[in-house]
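[1] Give me a model of this one.
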Amino acid sequence: MNLKNNIAVSESGFVFNPATGESFSVNPVGLQMLNLLRQGLSEEQIVNGIDTEFQAEKFNIERDLQDFIDIMKQYHLMQDENE
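    You can find the predicted model right below:
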């Protein structure tokens, strides 16, 4: 599961979708999730990366990552598996 290639993400967490003109802001955890998604990492790898950097409970990270991915899909920021 990957972030669409045309999505722009700044170092401060500003996200821009040029296809729709919509923009969003994410917090530091969301920014790290976006960066790891851009690398094409698995959900397990992303959870481990977030845990390493932010030392949170893995259960909470897993839940937050799934919620984050669901929101990203809702706003059409994720590539479909067929793309």
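[2] Let me see the contact set for the residue nearest in space to the middle of the chain.
    Nearest to the mean C-alpha position of the chain, by Cα atoms, centre = their mean, lies Leu34 at 3.1 Å. Counting by Cβ atoms under 8 Å, 6 or more residues apart in numbering, Leu34 touches 3, 9, 15, 26. For every residue, glycine as well, the C-beta is placed using N, CA and C.
[3] Output the residues you listed in TSV; the columns should cover neighbour count and pLDDT.
    Formatted as TSV, the contacts of Leu34 follow (neighbours: other Cβ atoms under 10 Å; pLDDT from 0 to 100):
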residue	neighbour count	pLDDT
Leu3	20	80
Val9	19	92
Val15	20	94
Val26	18	95
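[4] Among those residues, which lie within strands?
    9, 15 (DSSP state E).
[5] Out of the contacts of Leu34, which comes closest to Glu44?
    Leu3 (17.5 Å; Cβ to Cβ).
[6] Name all residues that make contact with the closest one.
    Contacts of Leu3 by Cβ under 8 Å, 6+ apart are 9, 34, 37-38, 72, 77-79.
[7] distance of it from Phe54?
    Plainly put, Leu3 is 20 Å away from Phe54 if you go by Cβ to Cβ, to the nearest Å.
[8] cool, Gly13 as well?
    For Gly13 relative to Phe54 (Cβ to Cβ), the value is 14 Å.
[9] Neighbour count: the two, which is higher?
    Using other Cβ atoms under 10 Å as the criterion, Gly13 and Phe54 rank with Gly13 on top: 16 against 12.
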